[in-house]
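>>> Next come a sequence and a model predicted from it.
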Amino acid sequence: MIKFLKKTSIIYSASSVFKSGVQLLVGLAIAKFITPGDFGIWSSFNLILTYTIILQLGIVNGLNLELPLAIGKGDNEKAEKLVQTTQSYIAVCIALLALAGGFYLLFFTPDTPKFFYGAIAIVVLVTFSFYQDFITATFRTQQSFFRFSIINIVQALVNLTTIVFIIYYAYYGLLIKSIIVLAIYVALLHYYRPFPVKFFFDKKLYLKLIKTGLPIFILAYVQSVATSFDRLLILKYLDISAMGIYSFAYLGFSSITLFSGSIASYIYPTMTENFAKNNNAVQLWIYLKKNISLIFLGLLILAIIGSLLIPYVTEAFFPNYIESVPVMQILFFAGVFNGSVIGVNVLLSMKKWKLIVIYHTIFSLLLVICPFVFMYYSDNKIMGIAYGVLIANFINLINGYILVYFATVKSQYVRK
């Protein structure tokens, strides 16, 4: 069993690294064959993914927490009903989104072809992403994580090979590629889903999932909106080409956090399941110290290498985005701070709601205040926004682990 756990951990980590690397290559391919203006259009459309998630009302967040607890306690019947109820609700959300998207395209047709086809693509992606969010939340056992790792590798390969669409069709190829990659990924997740259940709706479990997930969701949603505030500032005070320049620079941040995000989806349910079994908070802190230290070091090395190489790479291959270089160098290190704070998920495992509220509230305020203040007092507004993102994530890293230490170690000491 121990050998299997180690094997799963290694394969999952390897798949995360591979997926992160491919995603970075795809971003670079976009920059190579698509103009900053077109990149800005697509980046603006992608903001819709952040805002439409409000329809979920936290049910997936509730499933993320309740499903590992049910599995940890050996209550398989409850686990299946949780999945069935969530699946039924998400199906209704998908239908509503498809109808709303169709209505918009029918009666509010965008003026230019790029905006029209971009709108079609984003409607498709939004509906697929809702099912992806749900089905991903059901991969919560060691066996399913192994399967999930293989799916991620396949998805990365599809993501890599479909770059050909961008090469030949530029902006429109990006739309086609985005749909193909997500459709195949969702199809694989569905085919190999750990809970192949039928539709069933349990009102009591639905209310429990909402009760558990809605507070988490509200905080996470506010934070997601706050996270997009830097791009909203660019759309407000600059132009669509500046959005493209910043989006290319943001690849530095994304390439770092994509890796840590994949690791977080492994660490979080593991912590939740272990806490459900032994109820030992101090062990969680020991587990976090060891793993987060290694993650921080690894991310820091990646950021240093990236910041040293990107000027030469951009000048040689992406001359249209040369303005992005100093911005990307800043965002590399912002990604290190952001990626290293994944251990704060232990607060969710322990259901420390007050501390969770404090954490998300402070982080959301930082993500709004810091970029705005630094932009306001900077001659170069894009650089100012990037420095604001960096400082916000640095302060948040410190604040996050102060709260985690208080929840896992300090609170135990106070009780004694």
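Noted; the coordinates are in hand.

>>> Pull the distance from the helix or strand harbouring residue 366 to the chain's centre.
Per DSSP states H and E, residue 366 falls inside helix 353-376. How far helix 353-376 lies from its chain's middle: 18 Å, per Cα atoms, centre = their mean, to the nearest Å.

>>> Go through that helix and flag the buried ones.
Across helix 353-376, burial judged by 16 or more other Cβ atoms under 10 Å covers 355-356, 358-360, 362-364, 366-368, 370-372, 374-375. In short, each C-beta sits where N, CA and C put it, glycine included.

>>> Kindly report the same for stretch 160-169.
Buried residues in stretch 160-169 (16+ other Cβ under 10 Å): 160, 162, 163, 165, 166.

>>> my read: the fourth one touches residue 179, true?
No - with contact taken as Cβ atoms under 8 Å, residue 165 and residue 179 are classed as non-touching, separated by 9.9 Å.

>>> For the helix holding residue 366, C-alpha coordinates in CSV please.
Taking Å, rounded to 0.1, in the frame of the first residue of the first chain, the C-alpha atoms of helix 353-376 are listed here in CSV:
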residue,chain,number,x,y,z
TRP,A,353,-14.5,29.1,9.2
LYS,A,354,-13.5,32.3,11.0
LEU,A,355,-9.9,32.0,9.9
ILE,A,356,-11.0,31.1,6.4
VAL,A,357,-13.1,34.3,6.3
ILE,A,358,-10.2,36.4,7.6
TYR,A,359,-7.8,34.9,5.0
HIS,A,360,-10.0,35.3,2.0
THR,A,361,-11.1,38.8,3.0
ILE,A,362,-7.6,40.1,3.5
PHE,A,363,-6.3,38.5,0.3
SER,A,364,-9.2,39.9,-1.7
LEU,A,365,-8.6,43.4,-0.4
LEU,A,366,-4.8,43.1,-1.1
LEU,A,367,-5.6,42.0,-4.7
VAL,A,368,-7.7,45.1,-5.3
ILE,A,369,-5.8,47.7,-3.3
CYS,A,370,-2.2,46.9,-4.1
PRO,A,371,-2.5,46.8,-7.9
PHE,A,372,-4.6,50.0,-8.0
VAL,A,373,-2.3,51.9,-5.7
PHE,A,374,0.9,50.9,-7.5
MET,A,375,-0.7,51.6,-10.8
TYR,A,376,-1.9,55.0,-9.7
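
>>> Contacts made by that helix with the rest, please.
Here helix 353-376 makes contact (Cβ atoms under 8 Å, 6 or more residues apart in numbering) with 215-216, 219-220, 222-223, 225-227, 229-230, 233, 237, 344, 347-348, 381, 384-385, 387-389, 391-393, 395-396, 399-400, 403, 406-407.

>>> Filter those down to the buried ones.
The buried subset of the contacts of helix 353-376 - by 16+ other Cβ under 10 Å - is 215-216, 219-220, 222-223, 225-227, 229-230, 233, 344, 347-348, 381, 384-385, 387-389, 391-393, 396, 399-400, 403, 407.

>>> From those, which land in helices?
Among the buried ones among the contacts of helix 353-376, DSSP state H puts 215-216, 219-220, 222-223, 225-227, 229-230, 233, 347-348, 381, 384-385, 387-389, 391-393, 396, 399-400, 403 in helices.

>>> Helix or strand with the lowest mean pLDDT in this structure?
Taking mean pLDDT, DSSP states H and E as the measure, helix 411-415 is the helix or strand of the chain with the lowest mean score, a mean of 50.

>>> Return, as residue ranges, the portions of the stretch 51-200 of the chain with sub-threshold pLDDT.
Counting by pLDDT under 70, the stretch 51-200 of the chain has low-confidence residues at 141-142.

>>> Show me where it has its strands.
Using DSSP state E, counting those that start in this stretch, no strands are found in the stretch 51-200 of the chain.

>>> Could you pull out the helices in it for me?
Under the criterion DSSP state H, counting those that start in this stretch, helices of the stretch 51-200 of the chain are mapped to 59-72, 76-107, 113-136, 142-161, 163-191.

>>> Highest mean neighbour count out of these?
helix 59-72 (a mean of 24; mean count of other Cβ atoms under 10 Å).

>>> then that helix to CSV, C-alphas only?
The C-alpha coordinates for helix 59-72 follow below in CSV (Å, rounded to 0.1, in the frame of the first residue of the first chain):
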residue,chain,number,x,y,z
ILE,A,59,-22.1,23.0,-4.4
VAL,A,60,-18.8,21.8,-5.9
ASN,A,61,-16.9,23.4,-3.0
GLY,A,62,-19.2,21.5,-0.7
LEU,A,63,-18.5,18.3,-2.6
ASN,A,64,-14.8,18.9,-2.4
LEU,A,65,-15.0,18.9,1.4
GLU,A,66,-17.8,16.4,2.1
LEU,A,67,-16.8,13.7,-0.4
PRO,A,68,-13.3,13.0,1.1
LEU,A,69,-14.9,13.0,4.6
ALA,A,70,-17.5,10.4,3.5
ILE,A,71,-14.8,8.3,1.9
GLY,A,72,-12.5,8.6,4.9
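
>>> If you compare the directions of it and helix 76-107, what angle comes out?
Using axes from the mean of the first three to the mean of the last three Cα atoms, to 10 degrees, the direction of helix 59-72 lies 160 degrees away from that of helix 76-107.

>>> Helix 59-72: how far from the chain's middle?
Its chain's C-alpha centre and that of helix 59-72 lie 18 Å apart, by Cα atoms, centre = their mean.

>>> same check, this time on stretch 382-401
Counting by Cα atoms, centre = their mean, stretch 382-401 is centred 18 Å from the centre of its parent chain.

>>> how about that stretch as CSV, C-alpha atoms only?
Extracted in CSV, the C-alpha atoms of stretch 382-401 (Å, rounded to 0.1, in the frame of the first residue of the first chain):
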residue,chain,number,x,y,z
ILE,A,382,1.4,47.8,-16.4
MET,A,383,4.6,47.6,-14.3
GLY,A,384,2.7,49.2,-11.4
ILE,A,385,0.0,46.7,-11.6
ALA,A,386,2.5,43.8,-11.7
TYR,A,387,4.3,45.2,-8.6
GLY,A,388,1.0,45.4,-6.9
VAL,A,389,0.2,41.8,-7.6
LEU,A,390,3.7,40.8,-6.3
ILE,A,391,3.3,42.7,-3.0
ALA,A,392,-0.3,41.4,-2.5
ASN,A,393,0.9,37.8,-2.8
PHE,A,394,3.9,38.3,-0.6
ILE,A,395,1.8,39.8,2.2
ASN,A,396,-0.8,37.0,1.7
LEU,A,397,1.8,34.3,2.0
ILE,A,398,2.9,35.6,5.4
ASN,A,399,-0.7,36.1,6.6
GLY,A,400,-1.8,32.7,5.4
TYR,A,401,0.8,30.7,7.4
